[in-house]
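[1] have a look; sequence and predicted model below, questions after that.
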Amino acid sequence: MPTRREWLQSAAVAGAVLTLDPLLLRAATGRAPGAQDLLARRIPGTDEHLPLIGLGSSASFRRMAGSGDLSALAEVMRTLVENGASVFDTAPSYGDSEEAAGTIAAELGIADQIFWATKVNVAGRRGGSADPDRARAQIERSFKRLRVSAIDLIQVHNLGDPPTQMGILEELKAEGRVRYVGITSTSKRQYDALAQAMRDYELDFIGIDYAVDNRSAADAILPLAAERGIGVLVYVPFGRTRLFQRASGRQVPEWAAEFGADSWARFFLKFAAAHPAVTVVTPATSNPEHMLDNIGAAHGRLPDEDEQARMVELVEGLPEAG
């Protein structure tokens, strides 16, 4: 079974993803550009479905956005949309990611094919009170950077002063400028506070960290989301680069092919997506080859409970990342 690198270096796929011509993408994936045949989940309480794999922008996308050369990111976003995915997750704190994505989407004419998810937090990483005027100004900058009149989802980033910032988001939702609202956290120390916020507010989404070697969210947060009908965006499903480091030099197990995991990326993403409370998994990348590989996790079936247990056992047996 090929590794992520070996799969991407195969002649047919490499030729497609390196040029990223739409016709070659169709040849590589067996689908026409824009085909909507990805595995999808319904946003709780609605009839709207989202493809299971999206795109995050907190890591290498963020770094590339600040470089001034947006060509690779343009190919990443084109690959996202032309292969049927739609969710793009960003935040004002992710450097130039918002502005770069908005510029690219406008130039490519794909802005209306993207589910735009961003965040607000002027309370700071360590909490404290959020100034309402500053929060509103930050949100207006997001509208300007993304170049849209309505944003699909805005979440309070890292549980920053929910009473103030959720109140503003609820106003914007009532006005029709924001379709969905939510709260995020990628810190286990905040999980109790996140659970309380999930009970206190009418949230459409939460954003949470979840991976095959980071399963704490499955103890209480994900079941609570399912109970309360809250959608879930999964962040850092690769543990940033941790899981790839742990699997370095090893081949994907042959048995993973039974559910279509023919690369480590798809192995890790399919695990995260398999939890029934998860709506979309949003791995970050600035590499169009990796974007295409990631989208492949939304094809075929997801691992069942026995297979998930086997995946956990395998990963727990890998060495810790250096």
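    Happy to help now that I have it.
[2] what about the closest residue to residue 297 other than its chain neighbours, how many residues nearby?
    Residue nearest to residue 297 in three dimensions, not counting chain neighbours: residue 269, with 3.6 Å by Cβ to Cβ, 6 or more residues apart in numbering. (Each C-beta comes from the backbone N, C-alpha and C, glycine too.) Each residue near residue 269 was counted by other Cβ atoms under 10 Å, and the total is 28.
[3] next, count neighbours for the residue nearest to residue 215 when sequence neighbours are not counted.
    Distances taken as Cβ to Cβ, 6+ apart place residue 312 nearest to residue 215, at 7.4 Å, with adjacent residues excluded. Neighbour count for residue 312, taken as other Cβ under 10 Å: 14.
[4] same question for residue 122.
    22.
[5] give me the element it is part of.
    Per DSSP states H and E, residue 122 falls between elements, in no helix or strand.
[6] that one and residue 131 touch, don't they?
    Yes: taking contacts as Cβ atoms under 8 Å, residue 122 lies within contact range of residue 131: 6.1 Å.
[7] circling back: pretty sure the residue nearest to residue 297 is in a helix, no?
    Yes: the assignment for residue 269 (DSSP: H, G, I helix; E, B strand; the rest coil) places it in a helix.
[8] against residue 318, how distant is it?
    Using Cβ to Cβ, to the nearest Å, we find residue 269 at a distance of 17 Å from residue 318.
[9] could you do residue 131 as well?
    With Cβ to Cβ as the criterion, residue 131 and residue 318 are 45 Å apart.
[10] cool, residue 207 as well?
    Using Cβ to Cβ, residue 207 is found at 26 Å from residue 318.
[11] where does pLDDT dip in this structure?
    Where the chain drops to pLDDT under 70, the residues are 1-36, 125-127.
[12] tell me the centre residue of it?
    residue 282 (1.3 Å; Cα atoms, centre = their mean).
[13] contacts only, for that one.
    Residues near residue 282 by Cβ atoms under 8 Å, 6 or more residues apart in numbering: 53-56, 87, 89, 117, 233-235, 237.
[14] then residue 63?
    Residue 63 neighbours (Cβ under 8 Å, 6+ apart): 95, 286.
[15] which SS state does it fall under?
    helix.
[16] distance check, it against residue 157.
    Remark: distance between residue 63 and residue 157 (Cβ to Cβ) = 19 Å.
[17] and the end-to-end length of stretch 121-135?
    With Cα to Cα, to the nearest Å as the measure, the ends of stretch 121-135 fall 7 Å from one another.
[18] for that stretch, give me every contacting residue.
    91-93, 120, 138, 156-161, 164-165, 168.
[19] dump the residues you listed into a markdown table; add neighbour count, distance to residue 178 and secondary structure as well.
    Conversion of the contacts of stretch 121-135 to a markdown table gives the following (neighbours: other Cβ atoms under 10 Å; distance: Cβ to Cβ, whole Å; DSSP: H, G, I helix; E, B strand; the rest coil):
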| residue | neighbour count | distance to residue 178 | secondary structure |
| --- | --- | --- | --- |
| 91 | 25 | 15 | coil |
| 92 | 19 | 15 | coil |
| 93 | 16 | 18 | coil |
| 120 | 28 | 10 | strand |
| 138 | 22 | 13 | helix |
| 156 | 30 | 12 | strand |
| 157 | 24 | 14 | helix |
| 158 | 22 | 19 | helix |
| 159 | 20 | 18 | helix |
| 160 | 25 | 17 | coil |
| 161 | 20 | 18 | coil |
| 164 | 16 | 16 | helix |
| 165 | 28 | 12 | helix |
| 168 | 20 | 10 | helix |
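[20] closest one to residue 99 out of these, please.
    Nearest to residue 99 among the contacts of stretch 121-135: residue 92, at 9.7 Å, using Cβ to Cβ.
[21] my guess is the closest one meets residue 140, correct?
    No: counting by Cβ under 8 Å, no contact exists between residue 92 and residue 140, whose distance comes to 10.8 Å.
[22] and the residue lying closest to residue 185 once chain neighbours are set aside, which helix or strand is it part of?
    Counting by Cβ to Cβ, 6+ apart, residue 185 lies nearest to residue 194, which is 4.7 Å off, once chain neighbours are set aside. Using DSSP H and E, the element containing residue 194 is helix 191-200.
[23] swap in residue 208?
    strand 205-209.
[24] how near is residue 156 to residue 213?
    Residue 156 sits 27 Å away from residue 213, going by Cβ to Cβ.
[25] likewise residue 278?
    Residue 278 is 16 Å from residue 213, by Cβ to Cβ.
[26] the more surrounded of these two?
    Neighbour count, other Cβ under 10 Å: between residue 278 and residue 213, residue 278 has more, with 24 against 17.
[27] dump the residue contacts of the more buried one.
    41, 52, 210, 222, 232, 234, 272.
[28] got a markdown table for those residues, with distance to residue 80 too?
    What follows is the contacts of residue 278, written out as a markdown table (distance: Cβ to Cβ, whole Å):
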| residue | distance to residue 80 |
| --- | --- |
| 41 | 17 |
| 52 | 13 |
| 210 | 21 |
| 222 | 25 |
| 232 | 20 |
| 234 | 16 |
| 272 | 18 |
